[in-house]
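1. what shape does this take:
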Amino acid sequence: MSLRYENRRRLTANDLDVLVVGGGINGASAAAALAARGVGTALAEARDFAGFTSQNSSNLVWGGFKYLESLEGGLVHRLCSGRNRLMRAYPSSVKESRFLATLTKSGGPSRGVLWLGAWIYWCLGGGFTQGPRLMSSAQIRDAEPVVRNAGSLGGVEYSDAVVTTGDARFVFNLIRGAMDNGCIAVNYLEVTDIKRQSGHWLVYLRDNHDGGEFQARARVLVNAAGPFADQFSQMAGVSTRHHHVLSKGIHLVVDRLTDSGRILAFMADDRRPFFVVPMGGRSCIGTTDTQVTDPHSQITDEDRNFVLDNANRCLDLPRLLTPRDVIAERCGVRPLAVTKGHDTHGDFLKLSRQHIVETTAERSVVTILGGKLTDCIRVGEEVRDAVLGLGVLDPQRLRSWYGEPDSDVKSRYFSRLSELGDRNAQITAAQRDRFWTWYGGRTLELVDQVNDDPASAARVFPNSDIIWAELDLMQRTEMIVSIDDFLRRRTLLAQTTDARDLAVAVENAELDRLFLS
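-> Residues are numbered from 1 along each chain as shown. As a prediction, this is how the structure comes out:
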């Protein structure tokens, strides 16, 4: 908490070049790109970092196979390029995964059309991943016995990628990297009002943790408020060419349905894509795609039944899934960018996930509309260039703002981690890999702590490999305000552990003594 309060003091004590409003994937990318360039940057998020839409994705990094159906080849190429860049930059956390798309007699494209589409998709992705494979219904039965074979016409196996750390952890690590490059980031700090004053923005802020009220001054505002971006534009007196329509997507987390590691793809009974995605030791199934008007939309019984019914229809399970099998739920509202006046009622399901970056030069506001994790590098670059185009001093500092350290640095870290494992038998190879993926350069702080206090290598929970030294590191460097920040966003514990078991583990570990409630 001391880091958070120090950042809040710095954010409100100094004039800023840029204030990024919103700490989801768009805001994180924008802040990281600007800070690495040397621009005086701050980020304010009204909730925890990644505390809204960016904690509820499918964790997939993909080019959008389904967009080929609407002939959006340019968008698919761009998204596949973004996927490839993330896979190269984050080999430990953004990993190629095989998708198995199964066809049934109930409708949809023919097997030949799907096969051709898979090759077009692979070509638009530059042949970066393993090529597609045509599979018969018998081959699918042998490879994935969990897939219902009755009525199957076979299918296609192809590649995209998945974020193994989880979306919220990925977003936080971008923000942590931005902080390492000088960004002043604060969570639970809400913008309540803004006023234009002498060529600057006077920003009124409320701390949603302790109720404090503050002011900050910034030359440029970056509107990265996600589903709330239109409201923020109105507050700033900005009229953009595009606006948002909102799509609710839900996922249900259940016990693991397959051990293969594949993502299983089907066509739901309303012709929307439907996935079974590995998440930790569980399976995440969904999604819905429902037009809504309220960013705070909740999961309904209809949503839940839709996902469970389609899972039961597509999978050959020992028994039907019911609401009692649901370990956790994810409900996110995706902001989709459309031109103002566009009628979305007839073709809502065909709307793509493209992003738009608009600059309102006369008011020094850059607005991000739409977007998804797959395209986050491009978003950061476009926002950086837009801000510099507004006349903000360009220090031309060329530090890297995304990706893992280079192989030489990684080798040195893993050498230290291996030594740690040799000295402390409690630390497994899997933990060493995860430490690197989650903490990057801060891993050495973890190593030093365990060396100084071997007892800190003990596991916090009986069914998790998180150790006490990690909790100390998170407490000091990750601005955790509530226990939910730790369980839901810095880790996937709240999404992969039975709620009753987790409550007992939290109580036994006395975590309330470490994290404020």
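2. in what helix or strand does residue 451 lie?
-> Assigned by DSSP states H and E, residue 451 falls within helix 443-452.
3. what of residue 100?
-> Assigned by DSSP H and E, residue 100 falls in strand 94-104.
4. what do you get for residue 434?
-> Element membership of residue 434 [criterion: DSSP H and E] is helix 429-439.
5. which helices and strands does that helix pack with?
-> Under the contact definition 3 or more CB pairs under 8 Å, 6 or more residues apart in numbering; DSSP states H and E, helix 429-439 sits against helix 407-423, helix 443-452. Quick note: C-beta positions are derived from backbone N, CA and C, even for glycine.
6. so what touches it?
-> Contact with helix 429-439 is made by 92-93, 164-165, 169, 173, 410, 413-414, 417-418, 420-421, 443, 445-446, 465, 467, 470, 473, as judged by CB atoms under 8 Å, 6 or more residues apart in numbering.
7. one step back: out of the helices and strands packed on helix 429-439, which comes closest to residue 399?
-> Nearest to residue 399 among the helices and strands packed on helix 429-439 is helix 407-423 (13.9 Å), distances taken as CB to CB.
8. what about that closest one, distance to the chain center?
-> Put simply, helix 407-423 sits 28 Å off its chain's centre (CA atoms, centre = their mean, to the nearest Å).
9. which non-adjacent residue is nearest residue 2?
-> Nearest residue to residue 2, sequence neighbours excluded (CB to CB, 6 or more residues apart in numbering): residue 476, at 8.0 Å.
10. equivalent analysis for residue 426, please.
-> residue 457 (4.4 Å).
11. just residue 467 next, same as before
-> Distances taken as CB to CB, 6+ apart place residue 457 nearest to residue 467, at 5.3 Å, with adjacent residues excluded.
12. what of residue 231?
-> Spatially, and ignoring its direct neighbours in sequence, residue 231 is nearest to residue 225 (7.3 Å; CB to CB, 6+ apart).
13. ok, that neighbour - contacts?
-> Residue 225 neighbours (CB under 8 Å, 6+ apart): 21, 22, 27, 231, 232.
14. same deal with residue 237?
-> 196, 363.
15. could you do the one 5 residues further on as well?
-> Applying CB under 8 Å, 6+ apart, we find residue 242 in contact with 337, 338, 339, 340, 356, 358, 369, 370.
16. my guess is the first one meets residue 244, correct?
-> Spelled out, it's residue 337. Yes - taking CB atoms under 8 Å as the definition, residue 337 is a contact partner of residue 244 at 6.4 Å.
17. tell me, what's touching those two both at once?
-> Shared contacts of residue 337 and residue 244 (CB under 8 Å, 6+ apart): 369, 370.
18. if we can go back for a sec, among the contacts of residue 242, which ones are in strands?
-> Among the contacts of residue 242, the ones falling in strands (DSSP state E) are 337, 338, 339, 356, 358, 369, 370.
19. want to throw these into JSON lines with pLDDT and distance to residue 42?
-> Below are the ones in strands among the contacts of residue 242 laid out as JSON lines (pLDDT from 0 to 100; distance: CB to CB, whole Å):
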{"residue": "337", "pLDDT": "93", "distance to residue 42": "25"}
{"residue": "338", "pLDDT": "91", "distance to residue 42": "30"}
{"residue": "339", "pLDDT": "90", "distance to residue 42": "31"}
{"residue": "356", "pLDDT": "96", "distance to residue 42": "24"}
{"residue": "358", "pLDDT": "98", "distance to residue 42": "21"}
{"residue": "369", "pLDDT": "97", "distance to residue 42": "22"}
{"residue": "370", "pLDDT": "95", "distance to residue 42": "24"}
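20. any chance of the contacts of residue 242 in JSON lines, plus neighbour count and distance to residue 143?
-> Shown next, in JSON lines, are the contacts of residue 242 (neighbours: other CB atoms under 10 Å; distance: CB to CB, whole Å):
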{"residue": "337", "neighbour count": "25", "distance to residue 143": "38"}
{"residue": "338", "neighbour count": "19", "distance to residue 143": "40"}
{"residue": "339", "neighbour count": "10", "distance to residue 143": "44"}
{"residue": "340", "neighbour count": "9", "distance to residue 143": "47"}
{"residue": "356", "neighbour count": "17", "distance to residue 143": "40"}
{"residue": "358", "neighbour count": "18", "distance to residue 143": "46"}
{"residue": "369", "neighbour count": "25", "distance to residue 143": "40"}
{"residue": "370", "neighbour count": "24", "distance to residue 143": "36"}
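21. closest one of these to residue 240?
-> For the contacts of residue 242, the nearest to residue 240 is residue 358 (4.9 Å; CB to CB).
22. I'd say that closest one and residue 239 touch.
-> No - counting by CB under 8 Å, residue 358 stays clear of residue 239, with 9.7 Å between them.
23. filter the contacts of helix 429-439 down to the buried ones.
-> For these, a burial check counting by 16 or more other CB atoms under 10 Å picks out 93, 164-165, 169, 173, 410, 413-414, 417, 420-421, 443, 446, 467, 470, 473.
24. below-threshold pLDDT in the stretch 51-200 of the chain: ranges please.
-> Scanning the stretch 51-200 of the chain for pLDDT under 70 picks out 106-108.
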